[in-house]
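In: Any chance you can model this:
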Amino acid sequence: MYRLLQVAALVLALVPSVLFAQKSHTRERLAISAGLGTGTIGASCDFCGDTDRESGTTGYLRIGGYVGPKLLIGGEANGFKNTVDGIDQTSAYYMAVAQWYPNAATGWFLKGGLGLATYRISDEPDEITSNALGMTLGMGYDIRLASAISLTPYLDYLVSTKGELKLNDISSGLNLSTNVFHLGLGLTWH
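Out: You can find the predicted model right below:
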């Protein structure tokens, strides 16, 4: 999976030069974007160490507005889900994000954000949960399909600070942090 993420990062880094001649991008109004992809999750717990990375399905929904041709400010929800041997694992990040386009004439962007990170493992009837501060860094490219619609390949890294680990809403006395690599394809309406 790490090799796939390295290749995806290289492709996303090269996209701006390949698509430089693309039709000009205008950014003047509300933007809504949603996407699906794949990713991996890792967790680290006090006294229990790091978990093995696990693969799963990822997705996001972002709503924001352009405050200029180079900057979008908005809210974004990212999610990760997998099920292994009947155990459901989910992680969600609810962020305020800023998406910056270094060159207003292209679709390449960098993104950063802060917000809430949640984590949950459920093996009925037991449930392990944690809430903490979450952060995201990402990049992508808006490939214009029409004047108001773009296809958006992206790569995000989401991470949480340590949050209190609870078993069935009872504190365990331990802290947990999570991180997610998220690679996918979205549709953006601007």
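In: and the gap between residue 171 and residue 164?
Out: Distance, residue 171 to residue 164, by CB to CB, to the nearest Å: 6 Å. Backbone N, C-alpha and C define where each C-beta goes, glycine included.
In: Which of the two has more residues huddled nearby?
Out: The neighbour count for residue 171 versus residue 164, taken as other CB atoms under 10 Å, is higher for residue 164 (14 against 9).
In: from memory the more buried one sits against residue 129, does it?
Out: No. In this structure residue 164 lies outside contact range of residue 129 using CB atoms under 8 Å: 9.0 Å.
In: Tally up the residues packed near residue 186, please.
Out: Neighbours around residue 186, by other CB under 10 Å: 20.
In: contacting residues around it?
Out: 33-36, 60, 140, 151-154 (CB atoms under 8 Å, 6 or more residues apart in numbering).
In: From those residues, which land in strands?
Out: Secondary structure from DSSP state E places 33-36, 60, 140, 151-154 of those in strands.
In: Let me see the contact set for residue 156.
Out: Residue 156 neighbours (CB under 8 Å, 6+ apart): 60, 78, 111, 136-138, 180-183.
In: what ranges do the helices span in this protein?
Out: For the chain, the helices defined by DSSP state H cover 2-18.
In: Please name the bridge partners of the residue lying closest to residue 30 once chain neighbours are set aside.
Out: Leaving aside its sequence neighbours, residue 30 sits nearest to residue 65 (CB to CB, 6 or more residues apart in numbering; 5.3 Å). Listed by DSSP bridges, the beta-bridge partners for residue 65 are residue 30, residue 73.
In: Would you agree residue 65 is in contact with residue 73?
Out: Yes. When contacts are counted by CB under 8 Å, residue 65 is listed as touching residue 73 (6.5 Å).
In: Hmm, residue 189 is touching residue 146, no?
Out: No. Counting by CB under 8 Å, residue 189 does not reach residue 146; the two are 9.7 Å apart.
In: Quick check on the two: which one has the bigger neighbour count.
Out: More crowded of residue 189 and residue 146, by other CB under 10 Å: residue 189, with 13 against 8.
In: OK, contacts around the more buried one?
Out: By CB under 8 Å, 6+ apart, the contact set of residue 189 is 31-33, 148-149.
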